[in-house]
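>>> task: produce atomic coordinates for the following.
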Amino acid sequence: MRKIILASASPRRKELLDKAGVVFDVIPSIGEEIITSTEPHKVVEELSLTKARSVGAGLAGDIQQGTLVIGADTIVACGGCILGKPSDEEDAVKTLLMLQGNTHQVYTGVTVLIKDESGFCEHTFSECTDVTFYPVSEEEIRCYVRTGEPMDKAGSYGIQGLFGIYVKGICGDYNNVVGLPVARMFYEMKKLGIDLRG
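Below you'll find the predicted structure:
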């Protein structure tokens with residue numbers, strides 16, 4: 001069976017791959033995240049590539065041909081401005097006040113490294129999903145922030161968590177918002193003749 005490595009410690013990405021029936025190992029990337037672009041889709045593509053390369057380099061010659069290394073990164077953008085993880089509770093409140101009642105974008109970049117005779121072949125893409133929230137009061141937002149849930153999440157919320165009740169609708173892939181566009185990844189790999197399930 002083909003060896004697949006997820007270069008991410010994200011429990012959400014791990015769960016998505018598990019549910020898709022993919023057998024894989026987890027080796028989190030510990031490399032420095034370097035970006036040269038300010039365009040959201042290019043930023044996530046760069047970051048996913050950096051993560052995959054970091055893990056791939058650590059494996060060196062210890063892996064067989066056909067091994068896959070999957071790197072991914074997700075960001076939230078509103079009005080073209082990238083929203084990272086909140087620095088503190090007030091930052092989370094400020095971000096969610098901006099997102100409530102509006103539509104924003106969630107971008108995930110994915111890089112799959114494919115081991116061949118000469119090293120790694122790189123395949124990178126990104127997916128964008130629009131998310132629209134109902135109006136949410138500051139009191140509701142502060143109550144949510146006090147749970148601590150938004151503190152490790154880009155855009156200060158997780159669509160699969162407690163703030164999901166305020167989602168009016170999405171246009172695009174739900175799993176992309178969670179952290180990994182699994183269907184797109186399967187499609188991209190299928191075009192290369194790779195079955196992620198075996």
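>>> the strands in the chain, which residues?
4-6, 25-26, 68-78, 81-83, 103-116, 119-133, 167-171 (DSSP state E).
>>> which among the ones you listed is found nearest to residue 95?
Nearest of the strands of the chain to residue 95, taken as C-beta to C-beta: strand 81-83 at 5.6 Å. C-beta here means a position set from N, CA and C on the backbone, and glycine is covered the same way.
>>> about what we covered before: mind putting the strands of the chain into JSON lines with mean pLDDT?
As requested, the strands of the chain are exported to JSON lines (pLDDT from 0 to 100):
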{"stretch": "strand 4-6", "mean pLDDT": "96"}
{"stretch": "strand 25-26", "mean pLDDT": "96"}
{"stretch": "strand 68-78", "mean pLDDT": "95"}
{"stretch": "strand 81-83", "mean pLDDT": "92"}
{"stretch": "strand 103-116", "mean pLDDT": "96"}
{"stretch": "strand 119-133", "mean pLDDT": "96"}
{"stretch": "strand 167-171", "mean pLDDT": "98"}
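>>> tell me where this structure is predicted with low confidence.
31-33, 60-61 (pLDDT under 70).
>>> show me which helix runs longest in it.
Longest helix in the chain, counting residues (DSSP state H): helix 40-59.
>>> how about that one: buried residues?
Neighbour-count burial for helix 40-59 flags 40-41, 43-56, 59 (criterion: 16 or more other C-beta atoms under 10 Å).
>>> again with stretch 109-118
Those would be 109, 110, 111, 112, 113, 114, 115, for stretch 109-118 by 16+ other C-beta under 10 Å.
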